[in-house]
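S.K.: Take a look and give me a structure for this.
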Amino acid sequence: MEGRTALVAGASGLVGAELLRLLLDGEDYQRVHAVSRRPLPFDHVRLANRIMPIEQVEERLTGLKCHDAFCCIGSTRRKAGSDEELRRVDVELVLAFARAARACGAQRFVVLSAAGADASARAGYLRHKAAMEAALGTVGFTSLDVLRPGLLLGFRRELRPAELAGTLLMPLVNPLLSGPLRQWRAVPARDVAAAMVGAARSLRRGTYVYAGEALAALARSGRKPARAA
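M.R.: Sure, this is the predicted structure:
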């Protein structure tokens, strides 16, 4: 992986922050470019913080070269304020970043989706995730890795009641979710970030969707030292 460059969007979020830490602590990439609206609260010798609105990435990232792109862009219906705004973030902004990454030379795109993503789902959140996944398949990446975790566990500045309840209850509920239900298990954000690293290390070509045990296996791979993985 010597000399490789990564491009990251959503690095200030719950999973994105953990992912950025792993990428900078590891040896997979010589350079990491992180796109964010505001300056990130730390610096690193291998980090280049590209400060810009995601809406402008296609115009402002021209000339940048990268090998792999990681996307942690996402919102919730409550935070977005409307279903239309949620779709704009979860579908349109993800696609804008994907097109920019592809123009920068990225062959692999690793994206954070959600368990239960389905075009026929009742919840708009899950329909939008499915629409995002389908649209990414048309961008032209050699490798597309879609991660579908259940409820994300970790510290947020904004405490959401559902996530607080999940943090308290899911250690009791998780063991009951086996087989096809395993995809709904709550997952620590740091494990999902490790799974994104593991997906990049797999070097698999084509489109792959990871959930449940497959996601857990990727996380184990992503936590190993780069050369051991």
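S.K.: where do the helices sit along this protein?
M.R.: Remark: helices of the chain, listed N- to C-terminal, are 14-25, 57-60, 77-80, 83-87, 94-103, 124-136, 161-173, 189-202, 212-223; assignment by DSSP state H.
S.K.: out of the ones you listed, deepest packed?
M.R.: helix 189-202 (a mean of 24; mean count of other Cβ atoms under 10 Å). In this view, the C-beta of every residue, glycine as well, is placed from N, C-alpha and C.
S.K.: Now do that one: distance to the chain's middle.
M.R.: Using Cα atoms, centre = their mean, to the nearest Å, the mean C-alpha position of helix 189-202 is found 9 Å from that of the whole chain.
S.K.: by how many degrees do that helix and helix 212-223 diverge?
M.R.: Note on geometry: by axes from the mean of the first three to the mean of the last three Cα atoms, to 10 degrees, helix 189-202 and helix 212-223 are set 80 degrees apart in direction.
S.K.: Would you convert the helices of the chain into JSON lines that also reports mean pLDDT and distance to Val32?
M.R.: What follows is those, written out as JSON lines (pLDDT from 0 to 100; distance: least, Cβ to Cβ, whole Å):
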{"stretch": "helix 14-25", "mean pLDDT": "96", "distance to Val32": "5"}
{"stretch": "helix 57-60", "mean pLDDT": "94", "distance to Val32": "16"}
{"stretch": "helix 77-80", "mean pLDDT": "83", "distance to Val32": "26"}
{"stretch": "helix 83-87", "mean pLDDT": "94", "distance to Val32": "28"}
{"stretch": "helix 94-103", "mean pLDDT": "98", "distance to Val32": "13"}
{"stretch": "helix 124-136", "mean pLDDT": "96", "distance to Val32": "21"}
{"stretch": "helix 161-173", "mean pLDDT": "58", "distance to Val32": "27"}
{"stretch": "helix 189-202", "mean pLDDT": "96", "distance to Val32": "12"}
{"stretch": "helix 212-223", "mean pLDDT": "92", "distance to Val32": "15"}
